[in-house]
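Enquirer: Can you look at this prediction? I've put the sequence above it.
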Amino acid sequence: MTTTRPKKNLEVQRGDHTTIRYTASGPTTGPTLVLIHGWGVNRTDFDAITDHLPDNVRVLAIDLAEHGESRSTRNVWTIEEFALDVAAVLEAESTDTATVAGHSLGGAVAVEAARLLPDTISHVVALDALHYLGLFPAQSAEAVAAMRNLFRENFAEGVRGLVEGGSPAGTDETVKDAYFKRMVAVRQPAGLHAIEGLVDWDMDAVLRETKQPITVFAVRELTDQEAIDRYGDRFNIVLIDLGSHHFQVESPEGTAKLLTGVVESR
């Protein structure tokens with residue numbers, strides 16, 4: 001039976017520029033699972049998932065800078081800088097070891113955090129992230145410029161493209177509209193700069209410095225065989241049928257089962 005976990009809302013300060021808010025639940029003595037949301041959304045995406053996780057798991061759900069309740073006046077919006085947000089939370093929590101799971105952009109942040117914290121992060125989980133070949137491997141200068149220009153010139157159109165690209169055939173239009181409304185309202189200029197930071201991120205270069213195992217839970221209909229062929233030796237790619245790119249919102253119990261399997265295998 002699912003029970004609502006008691007959750008504490010906490011914060012950590014990074015210098016004089018960033019306040020990171022996060023939610024902690026579960027015993028401090030249990031295995032730690034860190035949850036990182038995707039671009040344009042926030043940690044509430046994981047509320048229902050947390051309630052389906054085993055009682056002994058310590059869960060830290062983080063709002064990245066300028067998402068949800070976190071605030072920042074910084075000028076740097078790289079994936080590495082977002083990973084430092086995560087590192088600040090782990091330091092505040094005195095976390096010795098953790099599994100870090102990230103959705104979409106959060107998957108990139110999880111990998112970058114693993115590179116920065118090789119002795120703390122034991123496993124990376126990507127929730128429909130890292131396998132999109134038109135985004136995550138280093139792109140050509142022309143492709144990067146085209147995406148940057150799209151979001152600068154028509155931000156709403158760029159967001160709509162992200163939503164459509166993450167929606168399998170037959171996805172309810174009202175569901176897509178709900179995601180669009182949330183994401184297009186991301187605070188600016190951080191929202192634009194975060195997208196630019198993502199398209200500038202060189203995943204392959206970071207992977208060469210990242211030794212932890214990586215499990216990718218990828219929406220079957222949105223995953224190309226080319227991605228499996230390219231990264232199958234580096235990622236454990238598990239194809240799933242739990243919904244759209246935002247399956248963690250649509251299928252919290254199923255997502256919790258996937259995450260529990262990883263945490264309990266460590």
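Expert: The structure has been received and is ready for your questions.
Enquirer: what are the ranges of the helices in the stretch 51-200 of the chain?
Expert: Shown for the stretch 51-200 of the chain, the helices assigned by DSSP state H, counting those that start in this stretch span residues 79-92, 105-116, 141-153, 155-165, 173-184, 190-200.
Enquirer: ok, residues contacting the helix or strand of the chain with the lowest mean pLDDT?
Expert: The least trusted helix or strand in the chain, going by mean pLDDT, DSSP states H and E, turns out to be helix 141-153, with a mean of 92. Residues from elsewhere that reach helix 141-153, judged by CB atoms under 8 Å, 6 or more residues apart in numbering: 134, 139, 157-158, 161, 192, 195-196, 199-200. Where you see a C-beta, it was placed from the backbone N, CA and C, and this is true even at glycine.
Enquirer: And these, which is closest to Thr215?
Expert: Gly134 (21.7 Å; CB to CB).
Enquirer: list the contacts for the closest one?
Expert: Per CB under 8 Å, 6+ apart, neighbours of Gly134: Ala143.
Enquirer: distance of it from Phe247?
Expert: From Gly134 over to Phe247 the distance is 20 Å, taken as CB to CB, to the nearest Å.
Enquirer: Could you do Thr29 as well?
Expert: Remark: distance between Thr29 and Phe247 (CB to CB) = 30 Å.
Enquirer: When the two are compared, which one has more neighbours?
Expert: More neighbours surround Phe247 than the other of Thr29 and Phe247, with 23 against 8 (other CB atoms under 10 Å).
Enquirer: mind checking the backbone torsions on that one?
Expert: The phi/psi pair for Phe247 (degrees, to the nearest 10) reads phi -60, psi -20.
Enquirer: Would you mind getting the angle between the least confident helix or strand of the chain and helix 190-200?
Expert: 170 degrees (axes from the mean of the first three to the mean of the last three CA atoms, to 10 degrees).
Enquirer: got the angle between helix 141-153 and helix 155-165?
Expert: 120 degrees.
Enquirer: Any buried residues in helix 141-153, and which?
Expert: 147-148, 151 (16 or more other CB atoms under 10 Å).
Enquirer: Give me the below-cutoff pLDDT ranges for this protein.
Expert: 1-2 (pLDDT under 70).
Enquirer: In space, what's closest to the residue nearest the centre of it - neighbours in sequence excluded?
Expert: In the chain, the C-alpha closest to the average C-alpha coordinate belongs to Gly106, at a distance of 1.9 Å (CA atoms, centre = their mean). Excluding its sequence neighbours, the residue lying closest to Gly106 (CB to CB, 6 or more residues apart in numbering) is Ile36, at 3.5 Å.
Enquirer: Is it correct that that neighbour is in contact with Thr99?
Expert: No - using CB atoms under 8 Å, Ile36 is not in contact with Thr99, being 11.5 Å away.
Enquirer: Please compare these two by neighbour count and tell me which comes out ahead.
Expert: Each of Ile36 and Thr99 has its neighbours counted (other CB under 10 Å); Ile36 has more, 33 against 24.
Enquirer: just to revisit the earlier point, nearest to Val263, of the helices of the stretch 51-200 of the chain?
Expert: Going by CB to CB, the one of these nearest Val263 is helix 105-116, 13.9 Å.
Enquirer: Among the buried residues of helix 141-153, which one lies nearest to Thr78?
Expert: Top of the list for closeness to Thr78, among the buried residues of helix 141-153 and by CB to CB, is Arg148 at 14.1 Å.
Enquirer: From Ser140, how far out is that closest one?
Expert: 13 Å.
Enquirer: again with Glu253
Expert: For Glu253, the distance to Ser140 - CB to CB - is 41 Å.
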